[in-house]
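Undergrad: Please find the sequence and the predicted model below.
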Amino acid sequence: MLTATLSDYLLQRLDRGPGKPVNRQIYRLVRAAVLDGVLSEGLQLPSSRDLARQLKLSRNTVIYAYEQLVAEGYLASRAGAGTYIASTVPDQSPALAPQPQAPAERGASVGLSARGAALVGGAGAHSVQWGAFLPGVPDVTRFPNVIWNRLHSTLWRRSRPEMLSYSSGGGHLPLREAIADYLRVARSVNCHAGQVIITAGIHQSVDLVAKLLADPGERAWVEEPCYWGTHNVLNALNLETVPIPVDADGMTFDEANLRHPPRFIFVTPSHQYPLGSVLSLSRRRKLLEFAAANQAWVVEDDYDSEFRYNGRPLAALQGMDACARVLYLGSFSKTLFPGLRIGYLVVPEALAGAFATGVSELYRGGQVFTQAVLAEFMDKGYFSSHIRRMRILYARRRQLLQDAIGANFGDRLAIAGGDAGLHLTLLLPDDCDDVAVSAQAQQAGIIARALSRYYKHKGAAKKGLLLGYAGVPDELIGPAFERLAAIITRHLP
Ligand SMILES: Cc1ncc(COP(=O)(O)O)c(C=O)c1O
């Protein structure tokens, strides 16, 4: 662009309406023109006096914009040479501009580490985080926000500066106390507040446990199939994950594996994720004995067992542990809402001090104020009554989904894990391509995650679909499943 046309360029774009400072507009327009390559390096600009005259503005207005552009390095000015486009502007030539890439190429070419590329390349989280039949998400629209807001405002009036600072020492003590009280009664966990460490959810708890208790290269047993987040975190820390098959009684133990004890054994004993089995009492005993004899840590991920629909919730494995080998992980993601990002772990007494220090050294967390609101929410009984109400709601939705499955497939397809939690797994025949069903469902606006994707060894993978019902309004369950059933039917042998 010639300098003579800079004034035309600006005249066509300046908005002289009220509340729109013209000096800022000139600054933004020139900056964008430089970044877009419309004004190229070395080009001389009109003097501030000339430009002001051409635009019918005060000279100060133009000077302000020029000075700002000089300060940020877009323009340079030299006595005698006037003002021109500076040479520090990055070259936007097409050869250097980023080219669109296929996702698989992205990791390698942007300089990711091998583990970074593996993490990004095998991404597990769905791009949509709400809708039928997203697993693992409660009905966030039922969260009692009026009560929460009231507690929040009351607390705000008496908030202390420490509540708005970084958290330290394992989190806000009243919340740790409230969680310990709740876990002792509702989950039969043996603990006191000092053993409770507040984190930003189970993902972060897994990261903390792995960083504080293992070194790269050590082995962690994980269930096969397993929640993808556990694999992600452990692999990103260079731990070797050893998939251990599960059956109707939970994790299996075969002699070959028992000969090579790991550092960690990750389990979801109350509601295996994603198949839903419960770790039997004899296997619980065996697991605890084996861990104690081999100095392994058992990490109990108790992510959703508040929601059990037949009978009382099962007691946690941690409560049976006489040798202090279990670390218990819990979360408010399923009981309240995942965006809250508050979870907790209960560590053996001997580790409590190290974990309270480690959590703040590693993450420098905050959210103390939110933790304080949550403590009040629990102390005043709102947490327990919310769970009670949601259990009734989710039981109804689970039934509606089971009815829809029965109406479309009768006994042809079995359901796994329907007794608890926020999802069930619809099993498909071994020769049915569940990934293809899932992809077609997505095109039809339905989330139905493929069971086989949760296996590390794809050859041994069962086929099926994870169907979350908790967040789907009653009236949408039947119609959404009808659409899914049509897709499934096309893939059945
Ligand atoms: C087995 C399991 N553990 C942990 C989580 C995540 O918990 P958080 O949101 O507290 O990180 C999930 C989420 O779906 C899960 O299914």
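TA: Thanks, I have it.

Undergrad: Any idea how many residues pack against Gly37?
TA: Residues near Gly37, counting by other CB atoms under 10 Å, number 14. Any C-beta I mention is one placed from the backbone N, CA and C, and that applies to glycine too.

Undergrad: Provide the backbone phi and psi angles at it.
TA: phi 80, psi 10 (degrees, to the nearest 10).

Undergrad: Would you check how far apart it and Ile85 are?
TA: Remark: distance between Gly37 and Ile85 (CB to CB, to the nearest Å) = 10 Å.

Undergrad: same question, Phe253
TA: From Phe253 to Ile85 the distance is 70 Å (CB to CB).

Undergrad: The two: which has the busier surroundings?
TA: Shown here are Phe253 and Ile85; by other CB under 10 Å, Ile85 has more neighbours (20 against 14).

Undergrad: any idea how far the nearest residue to the more buried one once chain neighbours are set aside is from Thr83?
TA: Distances taken as CB to CB, 6 or more residues apart in numbering place Leu43 nearest to Ile85, at 4.7 Å, with adjacent residues excluded. For Leu43, the distance to Thr83 equals 10 Å [CB to CB].

Undergrad: Over to Glu67?
TA: 10 Å.

Undergrad: Also Glu224?
TA: Counting by CB to CB - Glu224 and Thr83 are separated by 66 Å.

Undergrad: before we move on, what about Ala439?
TA: 56 Å.

Undergrad: More neighbours: which of these two?
TA: Neighbours of Ala439 and Thr83, each counted by other CB under 10 Å, are more numerous for Thr83; the result is 20 against 13.

Undergrad: what is the mean pLDDT for stretch 343-357?
TA: Mean pLDDT, stretch 343-357: 98.

Undergrad: List the buried residues in that stretch.
TA: For stretch 343-357, the neighbour count (16 or more other CB atoms under 10 Å) marks Gly343, Tyr344, Leu345, Val346, Val347, Pro348, Leu351, Ala352, Phe355, Ala356 as buried.

Undergrad: Report the two of these separated the most.
TA: Across the buried residues of stretch 343-357, no pair lies farther apart than Gly343 and Pro348, at 18.0 Å, counting by CB to CB.

Undergrad: Quick check: residues of the stretch 251-400 of the chain near the ligand?
TA: Applying CB under 6 Å from any ligand atom, we find that the stretch 251-400 of the chain lies next to the ligand at Thr268, Tyr273, Asp301, Tyr303, Ser331, Ser333, Pro338, Gly343.

Undergrad: If we use 5 Å, what do you get?
TA: The stretch 251-400 of the chain comes close to the ligand at residues Tyr273, Asp301, Tyr303, Ser331, Ser333, Gly343, as judged by CB under 5 Å from any ligand atom.

Undergrad: and the second one, what are its bridge partners?
TA: Each beta-bridge partner of Asp301 is listed here, defined by DSSP bridges: Leu329.

Undergrad: From Pro269, how far out is it?
TA: 9 Å.

Undergrad: cool, Asp321 as well?
TA: For Asp321, the distance to Pro269 - CB to CB - is 11 Å.

Undergrad: Comparing those two, which residue is more hemmed in?
TA: Remark: of Asp321 and Pro269, Pro269 carries more neighbours, 27 against 22, as counted by other CB under 10 Å.

Undergrad: so that one sits right up against Val278, yeah?
TA: Yes. Counting by CB atoms under 8 Å, Pro269 does reach Val278; the two are 7.0 Å apart.

Undergrad: which bits of the stretch 101-250 of the chain sit near the ligand?
TA: Counting by CB under 5 Å from any ligand atom, the stretch 101-250 of the chain sits next to the ligand at Gly136, Gly201, Ile202, His203, Tyr227.

Undergrad: For the second one, which non-adjacent residue is spatially closest?
TA: Residue nearest to Gly201 in three dimensions, not counting chain neighbours: Gly343, with 4.0 Å by CB to CB, 6+ apart.

Undergrad: and if you look at the fourth one?
TA: Nearest residue to His203 in three dimensions, chain neighbours excluded: Gly229, at 5.3 Å (CB to CB, 6+ apart).

Undergrad: Taking the stretch 151-300 of the chain, what residue is nearest to the ligand?
TA: Closest residue of the stretch 151-300 of the chain to the ligand, CB to the nearest ligand atom: Gly201 (3.0 Å).

Undergrad: Give the residue spans of this protein that score low on pLDDT.
TA: Applying pLDDT under 70 to the chain picks out residues 1-4, 88-109.

Undergrad: Leu279: how many residues sit nearby?
TA: Leu279, neighbours per other CB under 10 Å, totals 23.

Undergrad: List the residues that contact it.
TA: Asp249, Gly250, Met251, Val267, Pro269, Ser270, Gln272, Leu287, Leu317 (CB atoms under 8 Å, 6 or more residues apart in numbering).

Undergrad: Hmm, Phe266 and the third one touching each other?
TA: No. Between Met251 and Phe266 there is no contact under CB under 8 Å: 9.3 Å.

Undergrad: Show me whatever sits in contact with both of those two.
TA: Joint contacts of Met251 and Phe266 (CB under 8 Å, 6+ apart) are Trp221, Glu223.

Undergrad: how many other residues sit next to Ala470?
TA: 24.

Undergrad: What separation do you get for it and the ligand?
TA: 11 Å (CB to the nearest ligand atom, to the nearest Å).

Undergrad: show me the contacts for that residue.
TA: Val137, Pro138, Asp139, Phe307, Met390, Leu393, Tyr394, Arg397, Leu422, His423.

Undergrad: Please apply the same query to Gln371.
TA: So Gln371 contacts Ser167, Gly171, His172, Leu175, Ile198, Ile342 (CB under 8 Å, 6+ apart).

Undergrad: Out of these, which is nearest to Ile446?
TA: For the contacts of Gln371, the nearest to Ile446 is Ile342 (30.0 Å; CB to CB).

Undergrad: That closest one: what's it in contact with?
TA: Contacts of Ile342 by CB under 8 Å, 6+ apart are Ile198, Thr199, Ala200, Gly201, Ser331, Phe332, Gln367, Thr370, Gln371, Leu374.

Undergrad: Quick check: nearest residue in space to the fifth one, chain neighbours excluded?
TA: It stands for Ser331. For Ser331, the spatially nearest residue (CB to CB, 6+ apart) is Gly343, at 3.9 Å.

Undergrad: The biggest strand by length in the chain: partners in the sheet, and parallel or antiparallel?
TA: Ordering each strand of the chain by length in residues (DSSP state E) puts strand 240-247 first. Strand 240-247 sits in its sheet next to strand 219-224 (parallel), strand 250-251 (antiparallel), going by DSSP bridges.

Undergrad: Please identify the buried residues of that strand?
TA: Quick answer for strand 240-247 (16+ other CB under 10 Å): Thr241, Val242, Pro243, Ile244, Val246.

Undergrad: Same check on stretch 317-328?
TA: Buried residues in stretch 317-328 (16+ other CB under 10 Å): Leu317, Gln318, Met320, Asp321, Arg325, Val326, Leu327, Tyr328.

Undergrad: Determine how far the last residue of that stretch lies from the first.
TA: 8 Å (CA to CA, to the nearest Å).

Undergrad: Give me the residues contacting it.
TA: With CB under 8 Å, 6+ apart as the criterion, stretch 317-328 contacts 183, 187-191, 209, 267, 269-270, 279, 284-285, 287-288, 291-292, 295-300, 302, 316, 345-351.

Undergrad: In strands, which of these appear?
TA: Val267, Trp297, Val298, Val299, Glu300, Leu345, Val346.

Undergrad: which helix is the longest one in this structure?
TA: helix 382-409 (DSSP state H).

Undergrad: all helices of the stretch 351-493 of the chain, in order?
TA: For the stretch 351-493 of the chain, the helices defined by DSSP state H, counting those that start in this stretch occupy 352-363, 368-379, 382-409, 434-443, 474-491.
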